[in-house]
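J.: The following comprises the amino acid sequence and a computationally predicted model.
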Amino acid sequence: MDDLITFSITVFTGFFAITNPISNMTVFLSLTQGADNRTKQDINKRANIIAFIIVLVFVLLGKFIFELFNISIPAFKITGGILIFYIGFDMLQSKQSSIKSIKNVHIDENIAVSPLAIPILAGPGTIVTSMNFVSNVEPVQIIIVIAIFGFMSLLTYFTFRLSNLIVRLVGYNVISVIGKIMGLIIAIIGTGMIIEGIKLSFDLITN
């Protein structure tokens with residue numbers, strides 16, 4: 001039971017850092033600027049549902065994808081760790097990750113699919129993180145990962161829904177600081193994945 005609690009906390013921390021609802025809230029506001037409230041909420045709902053489905057597919061089919069493309073778990077962890085570290089490093093440098101670069105987006109409900117759901121909410125970092133959590137684990141842990149990401153999708157939905165109020169109360173400076181903290185956490189998660197992948201490659205994992 002203690003192992004499952006520790007695993008759940010790790011999964012929640014990882015998803016919260018990589019999806020970063022507070023930081024992504026400002027992206028949502030910029031994408032939907034000028035739209036009426038009903039359109040904003042439609043985009044919000046669709047984006048989070050689509051993001052959840054995308055991650056769900058990769059969580060459930062992760063092992064099949066590994067076998068289909070002959071991907072080893074150590075190689076996945078090292079490559080995924082490098083990618084996640086890069087995203088976190090960009091956030092620490094106050095740069096918008098190129099993976100989340102947005103230019104010349106029109107107010108259209110299609111932005112719920114791209115770029116909001118893909119790649120902002122369910123981008124490479126989120127997919128890599130979710131697949132890392134379910135690689136070589138028991139079914140109960142897979143269920144935990146799905147449930148926690150579902151909770152994160154709900155949290156993101158309500159954060160976006162209350163985005164105007166939150167920005168007025170908190171301010172962009174505080175949101176920027178939160179983004180840097182999340183960037184540090186993401187970079188640490190990426191480094192941990194790289195170390196774990198190297199240990200697996202050279203059979204350095206000990207019980």
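T.: Nice, I can see it. Numbering: from 1, shown residues only.
J.: three-state assignment of Ala35?
T.: Following DSSP: H, G, I helix; E, B strand; the rest coil, the label given to Ala35 is coil.
J.: surely it meets Ile43?
T.: Yes: shown here, Ala35 and Ile43 form a contact pair, counting by Cβ atoms under 8 Å, at 7.4 Å. From N, CA and C alone the C-beta is placed, and that goes for glycine too.
J.: neighbour count winner among those two?
T.: Ile43 (24 against 16; other Cβ atoms under 10 Å).
J.: and that one, what is it in contact with?
T.: Listed by Cβ atoms under 8 Å, 6 or more residues apart in numbering, the contact set of Ile43 reads 31-32, 35, 109, 111-112, 116.
J.: What of Leu60?
T.: If a contact means Cβ under 8 Å, 6+ apart, then Leu60 has Ile142 as its contacts.
J.: and it, how far is that from Lys77?
T.: For Leu60, the distance to Lys77 equals 19 Å [Cβ to Cβ, to the nearest Å].
J.: Going by neighbour count, which of the contacts of Ile43 comes out on top?
T.: Sorting the contacts of Ile43 by how many neighbours each has (other Cβ under 10 Å) puts Leu116 first, at 27 neighbours.
J.: does that residue sit in a helix, a strand or a coil?
T.: Per three-state DSSP, the secondary structure class of Leu116 is helix.
J.: And for it, nearest residue in space, chain neighbours not counted?
T.: If you skip the residues right next to it in sequence, Leu116 has Ala47 as its closest partner in space, 4.1 Å away by Cβ to Cβ, 6 or more residues apart in numbering.
J.: same deal with Val27?
T.: Closest residue in space to Val27, ignoring its immediate chain neighbours: Ile120 at 6.0 Å, by Cβ to Cβ, 6+ apart.
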